[in-house]
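Undergrad: Could you work out the structure for the sequence below:
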Amino acid sequence: MIGAVLVTLMSVTPQTAVAMPGTQPQMAAVGRRVGLVFGREGAVYFASSRDGGRSFGEPTPLPRAGRLHLGNHRGPRVALVDNTYVVTAIVGNGREDGDLLAWRSSDDGRTWIGPKHLNRVEASAREGLHGMASGGGLVAVAWLDLRGPGTRVYAAVSRDRGATWSEDFLAYESPSGSVCECCHPSVAVSAKGELAIMFRNHVGGARDLHLVRSADGGPKPGPAVKLGQGTWLLDACPMDGGSVVFAGERGPVTAWRRDKEVFLARPGAPEERLGEGRDPVVATTENGSTYAAWRRFDTVLMLTLTDSLNRLFSNDVAPVRLARDLGLAAVNQVGPLKRFFMRHAMGLAGELPRLLKGEAL
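TA: Below is the predicted model of the structure:
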């Protein structure tokens, strides 16, 4: 199913929205140059902007080498290094196939060089989950690798804007034999070329986030550091790998989920609870400010409910139509129940941000 990629620019002028058919978009920006990648019908598409995102060129597909892995934090990634766009994605020809590929373009996506295979062992990236980032002249990728028993974190780096890549290297192997199998790894690179890789581990039944770092972006990262003080005992994969960025001299900042709550943390520092939710992302500005965003569970619930209602009202089978009419009539007659649904639909239920409650930030 193809959705719509909606790019919205917010500024002091009225917002600009650009819609493109596709799914799972990722963006990179330097100055007024913006690169956008997304999936469409099993292929990677790219569009660029030179006016800060106010307008984009026509999306074009990258050279195809298999079907793009999509769904649940999968999909392509993009970085802008100097005047070169680097795109990575995991593609394959079936559920048991998947390789991490990289393309590069120095002419705003008009032509592409690649793809290059980044995982040495064929099909070892078939889980389809990876992260990519750039900084200080370094481009780095990390992915969940299945070349041996269990799931490990492998990585590769480029120091020439994606023209050549290092051999892939083992970034982390869990003492339990496997990291969390379905949570995407996150990658950050500092302005000095330091590499940080965050992943959800699986040790002693706990599904906690860990971080490894390499000061020079090399193939020998230091020991894994657990993030936060608490732990999450879970006999399942939450499918939520969080986000990591570098905040200047302060080092990496991470955002991640434990159970139903989202936290912000630096390695070795106390965690900060942000609220209830999932799928957090974190970003920093040049002046050192840190921003985090995440999906609230009631938002996900509302999306599910709305989709269910759409399916219900598109069904014209007589018994379903009768049950639907009776249910709506009952809700309309019960005041408290009606107000309950109205408050949820307006986003006024559950844990609300301070600003929405009229409180100072």
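
Undergrad: secondary structure class for R110?
TA: coil (DSSP: H, G, I helix; E, B strand; the rest coil).

Undergrad: Identify the residues contacting it.
TA: Listed by C-beta atoms under 8 Å, 6 or more residues apart in numbering, the contact set of R110 is empty. The C-beta positions use only the backbone N, C-alpha and C, and glycine is treated the same way.

Undergrad: Could you list the alpha-carbon positions for the one helix or strand L211 maps to in CSV?
TA: Taking DSSP states H and E as the definition, one finds L211 inside strand 209-214. Taking Å, rounded to 0.1, in the frame of the first residue of the first chain, the C-alpha atoms of strand 209-214 are listed here in CSV:
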residue,chain,number,x,y,z
LEU,A,209,19.5,0.2,24.9
HIS,A,210,23.3,0.2,24.7
LEU,A,211,25.8,2.4,22.9
VAL,A,212,29.2,1.7,21.4
ARG,A,213,31.6,4.5,20.3
SER,A,214,34.7,4.8,18.1
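
Undergrad: Touching that strand from outside, list them.
TA: By C-beta under 8 Å, 6+ apart, the list of residues contacting strand 209-214 reads 153, 171-172, 194-201, 220-228, 241-242, 244, 252, 254, 256, 267.

Undergrad: How far off centre is it?
TA: 17 Å (C-alpha atoms, centre = their mean, to the nearest Å).

Undergrad: Packing partners of the helix or strand that comes right after it?
TA: Once the chain leaves strand 209-214, the next helix or strand it forms, by DSSP H and E, is strand 225-226. Helices and strands touching strand 225-226, by 3 or more C-beta pairs under 8 Å, 6 or more residues apart in numbering; DSSP states H and E, are strand 209-214.

Undergrad: If you average the pLDDT over the strand it packs on, what comes out?
TA: Mean pLDDT, strand 209-214: 98.

Undergrad: Would you give the sheet partners of it, along with the direction of each?
TA: According to DSSP bridges, strand 209-214 forms sheet pairs with strand 195-200 (antiparallel), strand 225-226 (antiparallel).

Undergrad: For V262, give me its contacts.
TA: Taking C-beta under 8 Å, 6+ apart, we find V262 in contact with 255-256, 273-278, 280, 292, 294.

Undergrad: thinking again about what came up before, can you add mean pLDDT, mean neighbour count and distance to C183 and give the strands paired with strand 209-214 back as JSON lines?
TA: Output for those, formatted as JSON lines (pLDDT from 0 to 100; neighbours: other C-beta atoms under 10 Å; distance: least, C-beta to C-beta, whole Å):
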{"stretch": "strand 195-200", "mean pLDDT": "98", "mean neighbour count": "28", "distance to C183": "4"}
{"stretch": "strand 225-226", "mean pLDDT": "97", "mean neighbour count": "15", "distance to C183": "15"}
